[in-house]
Structures are given as C-alpha cells and as structure tokens.
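Peer 1: Sequence first, predicted coordinates after that:
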Amino acid sequence: MSRTRRAVPFLLLLSVTVFLFNSPRAQAASPAAYDFPVPSRLVMTVRETAGIGRSQEVVRSGVPLARSLNVLDTSRLAVLDASGAPVPAEFRVLARWNAGRSAAAPIQWLMVAFPATVGPRSAANYRLITDGSVANPLPIRPLTLTQNGNAFTVDTGAAVFRFGAGSGALFDEVVLDNGTRLIGGGAMTMRVNGANGSHSTTRRAWIEQSGPLSAV
C-alpha cells in the first residue's frame, strides 16, 4: 500500500442526484450557438439509504453544468434548501468546457459541498442557484485544518481530530467540543468478513484541498 488517504468529514450512505429543469423563458433566452435549452434551475436530491436521520451533515457531489449557462467562476453560486433559505456551500471547479482549467471557459463540472438535513430512508431537495441572485452564506463555525510537519489538526466545530504525529495510529486524538476525549492513539486495524487485518504505519499524509465545510 503506497499511501493512506483520509477525508474529513466522513459521510457515508447519502447520495446526491442532480436534475436540470427548463422553462420556456429559459429556452427563448438560449444563445443561438447552442442547440439545447439553458436550465433555469438545478435541483439536487439528497437520498438517505442507511435508515439514519441526518441533520446538517455535509454532502459532496459532482454537478454538471450546461455550457450555455456560461458560469465562469463560483462567486455567483449558492444553494437553497426546500424552503428557499440559503445554506452554506463550498464550490470547487473540476473541469471546464473544452479548455482544461482555463478561467476563460465556462465551468463543465463542479464539486458542491453543503450541509443537508434528511430523514431516515428519505429524500430532500436542494437547489443550486447560478445567476448571482442569492448570496452564499458562511458557515457559523467553519472547518479549520492546520498542519505542523506530519501532524494535522482538523476542527469541525463538533470535534477536534488530530492525526499524523504517530505513524502507527489512525488518530492521535479525537476530542469532542465539550472536552470529552473519545480517542487517544491506537493501532490501525480492520475486520473484513470475520478476518482481522492491520496497517502498521502511515507512510505519508497530505492536504489535497481544504474549505470551510470539508477537507481531503
């Protein structure tokens, strides 16, 4: 195993589906250069599949954008919940139409992260706004990620995770916001189909990207 990757925060068993809706008005406004209508709204449906109610848990998903939207940067983007209230969101450009990462080309794929609330085995709709009509609010307590040599500290607001200082431990320490210490060191072990396994050391850890809601 050449490397160990950790993503913070962890959120499993939630899926996001993106629907593009068109309106006659949007079709009429479409540039002649495009042979398909401009979507007037992008609805992201979050589905919970584990039977556990989720409250303000961060989901991340890739979202495709039509070239005809001509979204060049993330400054005009926002996410609304089902009631129409804006929720804090994090955006990262993954690809641009026929231009690699050139900022002069429209965004083709976007990574969107936002806190979602959804009942057990239920679905909740969120809406991606692309026209700058809604401001993207900041989270009440942004996630922070700091690095000191090989040691990393992630503060999510609900807990502080420290790892990397001890190469033989998955986490050096996990402390809740109220000061309760959940973890203090420990070996990296796993159990798959009744068999125990382990990974003796972490060879390397690094930050790929970090934002106010998530980090990898």
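Peer 2: Arrived safely.
Peer 1: In the protein, where is pLDDT below threshold?
Peer 2: Counting by pLDDT under 70, the ranges of the chain that qualify are 1-40, 100-101, 186-188, 198-200.
Peer 1: how about a cut-off of 90?
Peer 2: Within the chain, the stretches with pLDDT under 90 are 1-42, 66-68, 98-104, 131-132, 140-141, 149-151, 157-158, 163-173, 182-211, 214-216.
Peer 1: can you map out the helices along it?
Peer 2: Secondary structure of the chain (DSSP state H): helices located at 24-28.
Peer 1: mind checking how far Ala165 is from Val154?
Peer 2: 13 Å (CB to CB, to the nearest Å). The way it works is simple: take the backbone N, C-alpha and C, and place the C-beta from them, glycine included.
Peer 1: of these two, who's got more company?
Peer 2: Val154 (20 against 15; other CB atoms under 10 Å).
Peer 1: Show me what that one is bridged to.
Peer 2: With DSSP bridges as the criterion, Val154 is bridged to Leu145, Phe161.
Peer 1: Quick check: it vs Thr144, distance?
Peer 2: Separation of Val154 from Thr144 (CB to CB) stands at 7 Å.
Peer 1: Between those two, which contacts overlap?
Peer 2: Counting by CB atoms under 8 Å, 6 or more residues apart in numbering, Val154 and Thr144 have no contacts in common.
Peer 1: tell me how far stretch 67-84 is from the chain's mean position?
Peer 2: In terms of CA atoms, centre = their mean, to the nearest Å, the centre of stretch 67-84 is found 15 Å from the chain centre.
Peer 1: buried set for it?
Peer 2: Neighbour-count burial for stretch 67-84 flags 67-69, 71, 74, 77-81 (criterion: 16 or more other CB atoms under 10 Å).
Peer 1: Please narrow those residues to those residing in strands.
Peer 2: Under the assignment DSSP state E, the buried residues of stretch 67-84 contribute 78-80 to strands.
Peer 1: about what we covered before: find the pair from the buried residues of stretch 67-84 with maximum spatial separation.
Peer 2: Considering CB to CB, no two members of these lie farther apart than Arg67 and Asp81, which are separated by 27.6 Å.
Peer 1: Give the closest residue to Val216 in space, chain neighbours not counted.
Peer 2: Counting by CB to CB, 6 or more residues apart in numbering, Val216 lies nearest to Glu208, which is 4.5 Å off, once chain neighbours are set aside.
Peer 1: what about that neighbour, how many neighbours?
Peer 2: If you count neighbours by other CB under 10 Å, Glu208 ends up with 8.
Peer 1: rewinding a little: reformat the buried residues of stretch 67-84 as a markdown table; add distance to Leu94.
Peer 2: Formatted as a markdown table, the entries for the buried residues of stretch 67-84 read as follows, by distance: CB to CB, whole Å:
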| residue | distance to Leu94 |
| --- | --- |
| Arg67 | 15 |
| Ser68 | 18 |
| Leu69 | 15 |
| Val71 | 13 |
| Thr74 | 11 |
| Leu77 | 14 |
| Ala78 | 18 |
| Val79 | 17 |
| Leu80 | 22 |
| Asp81 | 24 |
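Peer 1: ok, those residues vs Ala195, which is closest?
Peer 2: For Ala195, the nearest member of the buried residues of stretch 67-84 is Val79. The distance, counting by CB to CB, is 42.1 Å.
Peer 1: what's the distance between that closest one and Asn148?
Peer 2: Counting by CB to CB, the gap between Val79 and Asn148 amounts to 33 Å.
Peer 1: No further queries at this time; thank you.
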